[in-house]
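Asker: Sharing a model prediction with you, sequence too.
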Amino acid sequence: MTGVDLLGYAAGAITSLTFLPQVIKTWKEKSAKDVSLLMFIIAAINEVMWILYGALLDNWVIILTNAIVLAMSCTMIFLKLRYR
């Protein structure tokens, strides 16, 4: 594994945590009043496109990073709809 690979995995790991604080906060407070549903729908669509791009390149850093962020985006969409 090269330094470039390590940088990619490290950046992917940090990117994967992007929505985690919002997911945790929304889950604990059982409120998504101030959360933008549209933002998470756009994010989910974006993540699907990145996963497809990563698959076409056979780049697992892109695929895994965006799959995790997609899971969190979908979780936030679910929580937003649940705690309306």
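Answerer: That came in fine, so what should we check first?
Asker: From here on, just use CA atoms for contacts and neighbour counts.
Answerer: OK.
Asker: what are the C-alpha coordinates of stretch 44-60, in PDB please?
Answerer: As requested, the backbone C-alpha atoms of stretch 44-60 are provided in PDB (Å, rounded to 0.1, in the frame of the first residue of the first chain):
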ATOM      1  CA  ALA A  44     -28.200  10.400  -1.200                       C
ATOM      2  CA  ILE A  45     -28.500  10.900  -5.000                       C
ATOM      3  CA  ASN A  46     -25.000  12.300  -5.000                       C
ATOM      4  CA  GLU A  47     -23.600   9.300  -3.100                       C
ATOM      5  CA  VAL A  48     -25.300   6.800  -5.500                       C
ATOM      6  CA  MET A  49     -23.600   8.600  -8.400                       C
ATOM      7  CA  TRP A  50     -20.200   8.500  -6.600                       C
ATOM      8  CA  ILE A  51     -20.700   4.800  -5.900                       C
ATOM      9  CA  LEU A  52     -21.400   4.100  -9.600                       C
ATOM     10  CA  TYR A  53     -18.300   6.200 -10.500                       C
ATOM     11  CA  GLY A  54     -16.200   4.300  -8.100                       C
ATOM     12  CA  ALA A  55     -17.500   1.000  -9.400                       C
ATOM     13  CA  LEU A  56     -16.700   2.000 -13.000                       C
ATOM     14  CA  LEU A  57     -13.100   2.800 -11.800                       C
ATOM     15  CA  ASP A  58     -13.000  -0.200  -9.600                       C
ATOM     16  CA  ASN A  59     -11.900   2.100  -6.800                       C
ATOM     17  CA  TRP A  60     -12.900   0.700  -3.400                       C
END
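Asker: looking at this structure, which helix or strand is least sure?
Answerer: helix 3-16 (a mean of 91; mean pLDDT, DSSP states H and E).
Asker: Report the buried residues of that one.
Answerer: 9, 12, 16 (16 or more other C-alpha atoms under 10 Å).
Asker: what's the lengthiest helix in the chain in contact with?
Answerer: Longest helix in the chain, counting residues (DSSP state H): helix 60-82. Contacting residues not belonging to helix 60-82 are listed as 8-9, 12-13, 15-20, 22-23, 26-27, 31-33, 35, 37, 40-41, 43-44, 47-48, 50-55 [C-alpha atoms under 8 Å, 6 or more residues apart in numbering].
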